[in-house]
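Visitor: missing the sequence, but the structure's below:
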């Protein structure tokens, strides 16, 4: 028996170990009496709308581990004290969010709690790296953004996939803790994810820890969305085909469709659906995807009659550039500290070489 244990131990030492990128944050703090300043033991601290929570110890401290990034409302209750709620507390990837409470004693139980709206700090004390956090709400406020790579390029120090002048192959991309680098030459992400699937992004451009040992220039850590406890659906569609297309060489501004002469016959559709399965809030699903079809300023329609099937039973006419991606995630939360995620992602596309002879074709 001892021989087998020794062989197993040696095998574990020889095999390479790959550290997963962080996908969770932590909430901690202290609960005290506002009058005496003494710590309160046994106070209940919960994240409203989730199964996450903790009780304070004898010194008044609490810790809530493995919290998904996002904005939460935190509520603390204790017998003999007025409940208090902190709203819009941001939990970031790989960081500890500190939230302290000072409860007011009351001889009569008051159901209506004190509500305090939190403000995001300008400086995070325990951050030692050059890091930018981009939440789902931040992405929604940026116009004309379709993929997470465009969001990355908007961050300071990043230009066309290069972090602070480094090569694109020196960057590390992770999604839900797993690397998604190109298997051939590394560097840029091998999978392009639509922004409707992103819950939060962490972009590190320097000073990051040894947790990311495979990166030299920068790190992009992505956490994808999960299904919520309530059903939800999102749809986004945009096009540049508002008016009829005309030949780009029409000189007259009074010509029909002149204001749309720069149309590239583009259509973009994105969707996201999620929620509980079979009425079980611990078993949730999330499905998202997008498709972008575009021609160009000049196009040869004689080569655009082929119909392609992007989904079973759904065929469309192809264009010069055709890109699609699909993402699904199944979550089963056994307990606040144990959760299983199963996901499937696919991205595919095809396009054709441009020919300048198309300039002489009618549109």
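Guide: Looks like it came in fine. What you see is a predicted model; the values in this text were computed from it and never measured.
Visitor: and residue 155, how far from residue 148?
Guide: 11 Å (C-beta to C-beta, to the nearest Å). Bear in mind the C-beta positions are built from the backbone N, C-alpha and C, glycine included.
Visitor: I'd assumed residue 163 was in contact with residue 207.
Guide: No - judged on C-beta atoms under 8 Å, residue 207 makes no contact with residue 163 at a distance of 11.9 Å.
Visitor: can you pull the contacts of residue 237?
Guide: By C-beta atoms under 8 Å, 6 or more residues apart in numbering, the contact set of residue 237 is 267-270.
Visitor: past whichever strand or helix holds it, which element shows up next along the chain?
Guide: Using DSSP states H and E, residue 237 sits within strand 232-239. Where DSSP H and E defines the elements, the next helix or strand beyond strand 232-239 is strand 267-277.
Visitor: gap between that following strand and the chain center?
Guide: Strand 267-277 sits 14 Å away from the centroid of its parent chain (C-alpha atoms, centre = their mean, to the nearest Å).
Visitor: one more: stretch 283-299?
Guide: 17 Å.
Visitor: state the mean pLDDT of it.
Guide: Averaging pLDDT along stretch 283-299 gives 84.
Visitor: out of residue 207 and residue 163, which sits in the more crowded spot?
Guide: Counted by other C-beta atoms under 10 Å, residue 207 and residue 163 do not tie: residue 163 has more neighbours, with 26 against 10.
Visitor: which ones are touching that one?
Guide: Contacts of residue 163 (C-beta under 8 Å, 6+ apart): 157, 170-171, 205-206, 217-218.
Visitor: biggest separation within those, which pair?
Guide: 157 and 170 (13.3 Å; C-beta to C-beta).
Visitor: hey, what's in contact with both of those two?
Guide: Contacts common to residue 157 and residue 170, judged by C-beta under 8 Å, 6+ apart, are 163, 218.
Visitor: the more surrounded of residue 155 and residue 148?
Guide: residue 148 (25 against 19).
Visitor: you'd agree residue 169 is in a helix?
Guide: Yes - assessed by DSSP: H, G, I helix; E, B strand; the rest coil, residue 169 belongs to a helix.
Visitor: what score does it have for pLDDT?
Guide: 77.
Visitor: and it, how many residues sit next to it?
Guide: Count around residue 169 with other C-beta under 10 Å applied: 15.
Visitor: do you know how far it is from residue 139?
Guide: Distance from residue 169 to residue 139, by C-beta to C-beta: 26 Å.
Visitor: do the same with residue 87
Guide: With C-beta to C-beta as the criterion, residue 87 and residue 139 are 21 Å apart.
Visitor: more neighbours: these two, which one.
Guide: residue 139 (18 against 14).
Visitor: contacting residues for the more buried one?
Guide: 145, 151, 195, 198.
Visitor: excluding its backbone neighbours, what's nearest residue 196?
Guide: residue 272 (4.4 Å; C-beta to C-beta, 6 or more residues apart in numbering).
Visitor: how many neighbouring residues does that neighbour have?
Guide: Under the neighbour criterion other C-beta under 10 Å, residue 272 is assigned a count of 21.
Visitor: show me what it is bridged to.
Guide: Listed by DSSP bridges, the beta-bridge partners for residue 272 are residue 234, residue 288.
Visitor: correct me, but it touches residue 326?
Guide: No - counting by C-beta under 8 Å, residue 272 stays clear of residue 326, with 11.5 Å between them.
Visitor: overlap in contacts of these two?
Guide: residue 288.
Visitor: pLDDT weak spots in the stretch 101-250 of the chain?
Guide: For the stretch 101-250 of the chain, applying pLDDT under 70 flags the ranges 107-128, 182-191, 243-250.
Visitor: try 50 this time
Guide: Scanning the stretch 101-250 of the chain for pLDDT under 50 picks out 247, 249-250.
Visitor: quick one, helices of it?
Guide: Using DSSP state H, counting those that start in this stretch, the helices found in the stretch 101-250 of the chain span residues 136-140, 148-153.
Visitor: any idea which of the ones you listed is most buried?
Guide: helix 148-153 (a mean of 19; mean count of other C-beta atoms under 10 Å).
Visitor: which elements pack onto it?
Guide: When contacts are defined as 3 or more C-beta pairs under 8 Å, 6 or more residues apart in numbering; DSSP states H and E, helix 148-153 sits against strand 198-206, strand 218-224.
Visitor: who wins for proximity to residue 340 among those?
Guide: strand 218-224 (14.8 Å).
Visitor: quick revisit: which of the contacts of residue 237 sit farthest apart?
Guide: 267 and 270 (11.2 Å).
Visitor: settle it for me: which of the two has more neighbours?
Guide: The neighbour count for residue 267 versus residue 270, taken as other C-beta under 10 Å, is higher for residue 270 (20 against 15).
Visitor: what sits against that one?
Guide: Counting by C-beta under 8 Å, 6+ apart, residue 270 has contacts 146, 194-196, 234-237, 288-291.
Visitor: and it, what pLDDT?
Guide: In this model, residue 270 carries a pLDDT of 92.
Visitor: what's the distance between it and residue 350?
Guide: 19 Å.
Visitor: overlap in contacts of residue 267 and residue 270?
Guide: 237, 291.
Visitor: what about residue 65, neighbour count?
Guide: 14.
Visitor: which element is the spatially closest residue to residue 337 that is not a sequence neighbour on?
Guide: Using C-beta to C-beta, 6+ apart and skipping the chain neighbours, the partner closest in space to residue 337 is residue 66 (6.2 Å). Using DSSP H and E, residue 66 maps to strand 61-67.
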